[in-house]
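Chemist: this one's structure only:
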């Protein structure tokens, strides 16, 4: 079974440029978590699954910690979720930076990992 949180919206200050640190920017985070959650569904028991409110809180907490690279934030977030959710058999995360300051018409830049 898969649990997904899509398009978690965060405004924060990640980036290599001084302007990004000062002005900040928009980010979107998607998370998907696989695991044996069928028993949780059968028993209607939150303790047998992943609480997606906790997932969202980890995203917000990790996104608040400034980094130059969104890759750094992604790895931090993934590690924290792997530790927090031992029932998960796979955790995937995508961090998307909206309107990255790189010149030209690029809607967004994303980094993704799962494991």
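Modeler: Cool, the structure landed. The structure displayed is predicted, hence computed values, not measured ones.
Chemist: Do you have the helices of the chain handy? List them.
Modeler: 18-23, 38-43, 52-64, 70-84 (DSSP state H).
Chemist: now those as CSV including mean pLDDT?
Modeler: As requested, those are exported to CSV (pLDDT from 0 to 100):
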stretch, mean pLDDT
helix 18-23, 73
helix 38-43, 94
helix 52-64, 97
helix 70-84, 97
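Chemist: Same list, those helices, but as CSV with distance to residue 4 please.
Modeler: For glycine as for every other residue, the C-beta is placed from the backbone atoms N, C-alpha and C. Shown next, in CSV, are the helices of the chain (distance: least, Cβ to Cβ, whole Å):
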stretch, distance to residue 4
helix 18-23, 28
helix 38-43, 15
helix 52-64, 9
helix 70-84, 13
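Chemist: nearest to residue 1, of those?
Modeler: Nearest to residue 1, of all the helices of the chain, is helix 38-43, at 5.8 Å by Cβ to Cβ.
Chemist: can you pull the buried residues of the closest one?
Modeler: Buried residues in helix 38-43, counted by 16 or more other Cβ atoms under 10 Å: residue 40.
Chemist: That one: how far from the chain's middle?
Modeler: Its chain's average C-alpha position is 25 Å from that of helix 38-43, according to Cα atoms, centre = their mean, to the nearest Å.
Chemist: How about residue 111: which residues does it bridge to?
Modeler: residue 95 (DSSP bridges).
Chemist: Just to check, residue 68 is in contact with residue 18?
Modeler: No - using Cβ atoms under 8 Å, residue 68 is not in contact with residue 18, being 10.9 Å away.
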